[in-house]
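>>> fold the following and give me the result.
(one chain, ligands or ions: 1)
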Amino acid sequence: MHMKHRTRTNIRLALRRKKVLARIMVNYIKLMQKKLVLRQADIAITFDCQLGCKHCSISMLKKEKQVLSLEQVNKVIWQLKKLGVTNINFTGGEPLLKQDVYDMIKFAHSQQMFTSILSNGFMLTDDNVRKLKKSGIDMLIVSIDSADAESHDDNRGKDSFNRVIKGISYAKAHKMEVMIDAVITPDNISDGDIKKQIKLAKELGVLIQLNVPCAVGKWAGKDEKLLSKDDQKYFRELLKEDGVRTDRFSNYLSTKCPAAVERIFITAYGDVLPCPFIHISFGNFLKEPLGKIWKRMLNSGMFSNNTELCLAGEDREFIEKHIKPTYDSGEHPYKYDEDQQ
Ligand code: SF4
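The predicted model follows:
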């Protein structure tokens, strides 16, 4: 029987990380008891980046402020573990620009977490890939904007396509799990480039994750960048292909938007957001325990985990009601105020 690429990857990871698997089983028991369990946290460990993507959703979060230290990141990982988290994704900015990144991965690994890192691939030399492997990374995720080197470089910077492809080959040579992270847009649907990116991932023997364009960062207010109803249908057709996935597929029980319910995002300054694309902060973990902030998020009534749509990119009602008011708030991320609700 032909097993799907994603299933094969999951089995390999589970066999390699049996103690994490045991923690996941405990989470399923809790879910059966109708308890809520947090599954994944994305932690931005820096907002620095060498590139300047035209669609960057994160650059607006960058401030002239001290970012979290190794000790603080380890502390957040420890608190996340208490809330049930089994997947930590290190992100940025470009996480490889953070000197302590390998120690952070090591610590998350030691806490029985599946670890991944989302990189622009610019610094994926053989040496850095080796260090990632040694620190215990389970999945290397690299961003690609186009199957065409020139278009990718046009968005990101000279030589970035070449470097990311080389990085993938080093990672494959070290037998690492690799996934391409791509944004499906009205433009790359109409010119066929998204299909070519999927073909490229298959040729490279890696998974590809499709994200929908979101109404934040450099695309804040640019409704024309969002998927139309027909584009959304096409996106869901593509998700049926072997090796193609989206973030909702990692959920425990459903394929609904996991923001706040199963997934949270910690910024490089400790602000706690429901997902990297919803820039509403429900508190800062340097000031209060994470559990308290998560509860506030859940009690806000904004997230019910009942839609197959991406709240930040596809759910027009959510975008109008909760995301657009943050554009002119004068602060980024927008601070949720429970007293004003
Ligand atoms: S809002 Fe979109 S990107 Fe964020 S968790 Fe939901 S589906 Fe994923």
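
>>> surely Thr86 touches Val20?
Yes - with contact defined as C-beta atoms under 8 Å, Thr86 reaches Val20; the gap is 5.6 Å. Every C-beta, even on glycine, is put in place using the N, C-alpha and C of the backbone.

>>> those two: which is more packed in?
Shown here are Thr86 and Val20; by other C-beta atoms under 10 Å, Thr86 has more neighbours (24 against 20).

>>> pLDDT score assigned to the more buried one?
At Thr86, the predicted lDDT confidence score is 97.

>>> could you measure from it over to Ala14?
Distance of Thr86 to Ala14, given as C-beta to C-beta, to the nearest Å: 11 Å.

>>> overlap in contacts of those two?
Between them, Thr86 and Ala14 have Val20 as joint contacts when contacts are counted by C-beta atoms under 8 Å, 6 or more residues apart in numbering.

>>> are we agreed that Glu150 is in a helix?
Yes - residue state for Glu150 (DSSP: H, G, I helix; E, B strand; the rest coil) corresponds to a helix.

>>> so the closest residue to it other than its chain neighbours is in which element?
For Glu150, the nearest residue in space outside its immediate sequence neighbours is Phe161; the separation is 8.0 Å by C-beta to C-beta, 6 or more residues apart in numbering. Assessed by DSSP states H and E, Phe161 sits inside helix 160-173.

>>> pull out the buried positions in that helix.
By neighbour count, and taking 16 or more other C-beta atoms under 10 Å as the criterion, the buried residues in helix 160-173 are Ser160, Phe161, Arg163, Val164, Ile165, Lys166, Gly167, Ile168, Tyr170, Ala171, Lys172.

>>> who's in contact with Lys295?
Lys295 neighbours (C-beta under 8 Å, 6+ apart): none.

>>> tell me the SS of it?
When the structure is split into helix, strand and coil by three-state DSSP, Lys295 lands in helix.

>>> which pLDDT value goes with it?
We have a pLDDT of 96 for Lys295.

>>> Leu311 versus that one, what's the distance?
19 Å.

>>> now Lys133
Counting by C-beta to C-beta, the separation of Lys133 from Leu311 is 35 Å.

>>> which of those two has more neighbours?
Under the neighbour definition other C-beta under 10 Å, Lys133 and Leu311 were set side by side, and Leu311 has more, 25 against 15.

>>> the ligand contacts on this protein?
Counting by C-beta under 6 Å from any ligand atom, the residues of the chain lying close to the ligand are 247-248, 257-259, 263, 275, 277-278, 310-313.

>>> which of these has the most neighbours?
Result: Cys257 is most packed of the residues of the chain next to the ligand (other C-beta under 10 Å), 29 neighbours.

>>> from the stretch 101-250 of the chain, which residue is nearest to the ligand?
Per C-beta to the nearest ligand atom, the residue of the stretch 101-250 of the chain with the smallest distance to the ligand is Asp247, at 4.4 Å.

>>> could you report the pLDDT at that residue?
Looking at Asp247, its pLDDT stands at 93.

>>> same check, this time on Cys56
In this prediction, Cys56 has a pLDDT value of 79.

>>> next: Ser146.
Predicted confidence (pLDDT) for Ser146: 96.

>>> what sits closest to it if chain neighbours are left out?
Per C-beta to C-beta, 6+ apart, closest to Ser146 is His152, 4.5 Å.

>>> helix or strand for the spatially most central residue of the chain, which one?
Note on the chain: the residue nearest the mean C-alpha position is Asp42, at 5.9 Å, using C-alpha atoms, centre = their mean. Following DSSP H and E, the helix or strand that holds Asp42 is strand 40-44.

>>> which residues sit against that strand?
Around strand 40-44, the neighbours that count as contacts under C-beta under 8 Å, 6+ apart are 58, 61, 68, 73, 76-77, 80, 85-93, 95, 104, 118, 250, 258, 262-268, 275-276.

>>> one more time with 6 Å, if that's ok
Contacts made with strand 40-44 from outside it, assessed by C-beta atoms under 6 Å, 6 or more residues apart in numbering, are listed as 80, 85, 87-92, 263-268, 276.

>>> okay, buried residues for it please.
Applying 16+ other C-beta under 10 Å to strand 40-44 flags Gln40, Ala41, Asp42, Ile43, Ala44 as buried.

>>> repeat that for stretch 253-267.
Per 16+ other C-beta under 10 Å, stretch 253-267 contains these buried residues: Lys256, Cys257, Pro258, Ala259, Ala260, Val261, Glu262, Arg263, Ile264, Phe265, Ile266, Thr267.

>>> list the contacts for the fifth one?
Right, the one you point to is Ala260. In this structure, Ala260 makes contact with Pro274, Met297, Phe303, judged by C-beta under 6 Å, 6+ apart.

>>> with neighbour count added, can I get those residues in TSV?
As requested, the contacts of Ala260 are arranged in TSV below (neighbours: other C-beta atoms under 10 Å):
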residue	neighbour count
Pro274	28
Met297	22
Phe303	23
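
>>> number of nearby residues for Lys287?
Number of residues near Lys287 (other C-beta under 10 Å) recorded here: 10.
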